[in-house]
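In: next one to model:
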Amino acid sequence: MDLKFNKNEDHNKLLLSDLKRRLAKVKLGGGEKRIEKHHAKGKLTARERIDYLVDDPKKCIEIAAFAGEGMYKEHGGCPSGGVVIKIGYVSGKQCIVVANDATVKAGAWFPITGKKNLRAQEIAMENKLPIIYLVDSAGVYLPMQDEIFPDKEHFGRIFRNNAVMSSMGITQISAVMGSCVAGGAYLPIMSDEALIVDKTGSIFLAGSYLVKAAIGETIDNETLGGATTHCEISGVTDYKAKDDKDALDTIKKLMDKIGDYTKAGFNRKEAALPKENPEEMFGILPASRADQYDMREIIKRIVDDSEFDEYKEGYGQSILTGYARIDGWAVGIVANQRKLVKTKKGEMQFGGVIYSDSADKATRFIANCNQKKIPLVFLQDVTGFMVGSKSEHGGIIKDGAKMVNAVSNSVVPKFTIVIGNSYGAGNYAMCGKAYDPRFIVAWPSANLAVMSGNSAAKVLLQIETASLKKQGKEITPEVETELYDRIKARYDEQISPYYAASRIWTDAVIDPRDTRKWISMGIEAADHAPIEKAFNLGVIQV
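Out: You can find the predicted model right below:
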């Protein structure tokens, strides 16, 4: 391998080490002392509960592990949004598991907690996946109630979704393994079946203190809403468990009896590993955003047998399109090409930029995949659409609109992997979060923003220096450099993949070697939901 390959490899493996360090911290939730207190109550942590419940913890993917990172500092933070969400297998059935983390503010709901729970339900509804709730929550975090309580995408939407999922025939099972109070009490009871753990689980609209204050009644929480009350008197819950493991064992038995699902029928054959070594992706992907590379070399290290059947290989070369298999599943790949290419007309096209011919090719390919019921995989490393008079006169807006139209109206499942840049309208055309990919994940090398840090800092610098000059202030080269560095540092923080992940603009930051696993499990989930809508582009400018 050459020196550049080694430098790239060192850079990308340092990014991977940083990812692992961040994940290790997130997995501690509220910290070791709070975990010890949780264990002292005879309770498993959220992650321990999920690991015990699923058939194999290694065959899971975690949704929004970095939710809330760097947010709510004035409130002590909210690691992982105070809830752990994983997709895995319980009694052989693929499902999504949502577990409140009571080591984080007693499992209270911050605004990001609501967003994360809604994302879990969205995944369940899109894919018709069974969903299991492991409830242990003190309810809404009152200091921020105005940001979590009343709006359409807030706390109450959870219960609305419970009702909608029930009408869709999606299995919902809840286990109350700790507190379940106020409005949150509706979640388990709107599920198909509800369990409660004796002595540690409780359900009530108002706790003993509030009952005393409201109506003067003196009663303890166990008598008010404990397992015996709800299993033997109110009939609110269906099963009483002696401890956490007993409750989880009961869920396993319930899942074991669920019938098979109607499949969408996506094509799958026996899986094969890539012939090219996936480890080499770390050396192929450049450390510098200015460097070129051939995206085909990345694709070969993701797809089965390293086989990629290109569509319109010689046309619109700043986007690669073609068919492949990932873990046996047939997929259509739309990928940005970060390599400088020369067209048949002798023109040079910059890598990572979408040109009119590239957009035209991608539109046609997306339509083909919808026609043939083939899931789509988008590999993003895009700086945006080509600008300038030549592109504008050639109709770049029209061709870009066609591509956005095709992505928007696509009815086959879409999966987006942000490998490098994800800037501006390029993010949209390549199926960013706003375009409903079933999953969107980022590599540690990803950047998501309106434009690059350098470009944005230069624009913002011009605005700020103009403002200062109007105020009569002298802008020396030293002052300008200091301003630029400060602006760029602030902007670079915002384009980090972790900034996006903390706000659930992406579902995860992943090890590049796990890309196959995410896509495969995603298509398997999507196979639970037959396509019911015909593909129709609507009105487009031809």
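In: CA atoms for contacts and neighbours, from now on please.
Out: OK.
In: how near is the most far-flung residue of the chain relative to its centre to residue 465?
Out: Residue farthest from the centre of the chain, counting by CA atoms, centre = their mean, is residue 472 at 47.5 Å. To residue 465, residue 472 is 11 Å away according to CA to CA, to the nearest Å.
In: what of residue 189?
Out: Residue 189 is 59 Å from residue 465, by CA to CA.
In: do residue 132 as well
Out: With distances defined as CA to CA, the gap from residue 132 to residue 465 amounts to 54 Å.
In: higher neighbour count, those two?
Out: For residue 132 and residue 465, the more surrounded residue by other CA atoms under 10 Å is residue 132, and the numbers stand at 24 against 18.
In: pretty sure the more buried one sits in a helix.
Out: No: applying DSSP: H, G, I helix; E, B strand; the rest coil, one finds residue 132 to be strand, outside a helix.
In: mind listing what residue 141 touches?
Out: Residues near residue 141 by CA atoms under 8 Å, 6 or more residues apart in numbering: 108-110.
In: can you give me every residue that contacts the closest residue to residue 97 other than its chain neighbours?
Out: Take residue 97 and drop its neighbours on the chain: the residue closest to it by CA to CA, 6 or more residues apart in numbering is residue 132, 4.8 Å away. Contact criterion CA under 8 Å, 6+ apart gives 95-98, 172-175 as the residues in contact with residue 132.
In: so which residues of the stretch 401-542 of the chain form helices?
Out: When assigned using DSSP state H, counting those that start in this stretch, the helices of the stretch 401-542 of the chain occupy the ranges 424-429, 453-470, 477-495, 497-502, 515-526.
In: would you mind writing the CA trace of the last one as CSV?
Out: Included here for helix 515-526 are C-alpha records, laid out as CSV according to Å, rounded to 0.1, in the frame of the first residue of the first chain:
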residue,chain,number,x,y,z
THR,A,515,-22.8,-0.9,6.8
ARG,A,516,-23.8,-4.3,5.4
LYS,A,517,-25.5,-5.2,8.7
TRP,A,518,-27.6,-2.0,8.8
ILE,A,519,-28.8,-2.3,5.3
SER,A,520,-29.5,-6.0,5.6
MET,A,521,-31.5,-5.7,8.8
GLY,A,522,-33.2,-2.6,7.3
ILE,A,523,-34.4,-4.5,4.2
GLU,A,524,-35.5,-7.4,6.4
ALA,A,525,-37.6,-5.0,8.5
ALA,A,526,-39.0,-3.4,5.3
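In: make 52 the starting number, not 1.
Out: I'll keep to 52 as the first residue from here, and by that count the last item is helix 566-577.
In: now tell me what touches that helix from outside.
Out: 112, 145, 177-180, 315, 353-354, 377-378, 380, 426, 428, 464, 466, 468, 489-490.
In: and the residues you listed, which are buried?
Out: Neighbour-count burial (16 or more other CA atoms under 10 Å) applied to the contacts of helix 566-577 gives 112, 145, 178-180, 315, 353-354, 377-378, 380, 426, 428, 464, 466, 468, 489-490.
In: please narrow those residues to those residing in helices.
Out: Of these, the ones assigned to helices by DSSP state H are residue 178.
In: on that earlier part again, tell me the confidence at the residue farthest from the centre of the chain?
Out: Per-residue confidence (pLDDT) for residue 523: 79.
In: state which helix of the chain is the longest.
Out: Under DSSP H, the helix in the chain containing the largest number of residues is helix 54-77.
In: buried residues in that one, which are they?
Out: 56, 58-60, 62-64, 66-67, 70, 77.
In: out of these, who's nearest residue 190?
Out: Ranked by distance to residue 190 (CA to CA), these are led by residue 77 at 21.3 Å.
In: still on that earlier bit, now, of the helices of the stretch 452-593 of the chain, which is deepest in the fold?
Out: Relative to the other members of the helices of the stretch 452-593 of the chain, helix 548-553 carries the highest mean neighbour count by mean count of other CA atoms under 10 Å, namely a mean of 24.
In: which helices and strands sit right next to that one?
Out: Where contact means 3 or more CA pairs under 8 Å, 6 or more residues apart in numbering; DSSP states H and E, helix 548-553 is packed against strand 498-500, strand 559-560.
In: and it, how far out from the chain middle?
Out: Put simply, helix 548-553 sits 10 Å off its chain's centre (CA atoms, centre = their mean, to the nearest Å).
In: what lies in contact with that helix?
Out: Surrounding helix 548-553, the residues in contact under the criterion CA under 8 Å, 6+ apart are 115-122, 493-499, 544-545, 557-560.
In: quick one: low-confidence parts of this structure?
Out: Flagging of the chain using pLDDT under 70 yields the residue ranges 52, 234-235, 393-395, 397-402, 437-446, 502-504, 507, 592-593.
In: could I have the helix or strand in which residue 211 is found exported to PDB, CA atoms only?
Out: Using DSSP states H and E, the element containing residue 211 is helix 207-218. Taking Å, rounded to 0.1, in the frame of the first residue of the first chain, the C-alpha atoms of helix 207-218 are listed here in PDB:
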ATOM      1  CA  GLY A 207     -49.000  13.000  23.400                       C
ATOM      2  CA  ARG A 208     -48.300  11.800  19.900                       C
ATOM      3  CA  ILE A 209     -46.900   8.600  21.500                       C
ATOM      4  CA  PHE A 210     -50.400   7.500  22.600                       C
ATOM      5  CA  ARG A 211     -52.000   8.500  19.300                       C
ATOM      6  CA  ASN A 212     -49.400   6.200  17.600                       C
ATOM      7  CA  ASN A 213     -50.200   3.400  20.000                       C
ATOM      8  CA  ALA A 214     -53.800   3.600  18.800                       C
ATOM      9  CA  VAL A 215     -52.900   3.800  15.100                       C
ATOM     10  CA  MET A 216     -50.400   0.900  15.300                       C
ATOM     11  CA  SER A 217     -53.100  -1.200  17.000                       C
ATOM     12  CA  SER A 218     -55.500  -0.500  14.100                       C
END
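In: following element in sequence after it, please.
Out: Defined by DSSP H and E, the subsequent element after helix 207-218 is strand 223-232.
In: and that following strand, which strands flank it?
Out: Taking DSSP bridges as the criterion, strand 223-232 pairs within the sheet with strand 182-188 (parallel), strand 244-248 (parallel), strand 253-255 (parallel).
In: need the helices of the stretch 452-593 of the chain in TSV (columns: distance to residue 165).
Out: Supplementary listing: these in TSV, determined by distance: least, CA to CA, whole Å:
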stretch	distance to residue 165
helix 475-480	25
helix 504-521	31
helix 528-546	22
helix 548-553	13
helix 566-577	23
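In: please identify which of these is closest to residue 135.
Out: Distances from residue 135 to each of the helices of the stretch 452-593 of the chain were compared using CA to CA; the shortest belongs to helix 548-553, at 13.5 Å.
In: now that closest one - C-alpha only, PDB.
Out: C-alpha atoms of helix 548-553 as PDB (Å, rounded to 0.1, in the frame of the first residue of the first chain):
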ATOM      1  CA  PRO A 548     -21.800  13.600  12.500                       C
ATOM      2  CA  TYR A 549     -22.300  13.600  16.200                       C
ATOM      3  CA  TYR A 550     -24.100  17.000  16.200                       C
ATOM      4  CA  ALA A 551     -26.500  15.500  13.600                       C
ATOM      5  CA  ALA A 552     -26.900  12.300  15.600                       C
ATOM      6  CA  SER A 553     -27.600  14.100  18.800                       C
END
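In: strands of the stretch 302-451 of the chain, start to end?
Out: Using DSSP state E, counting those that start in this stretch, the strands assigned to the stretch 302-451 of the chain run over residues 360-361, 370-377, 380-387, 392-393, 399-400, 404-405, 427-433, 435-436.
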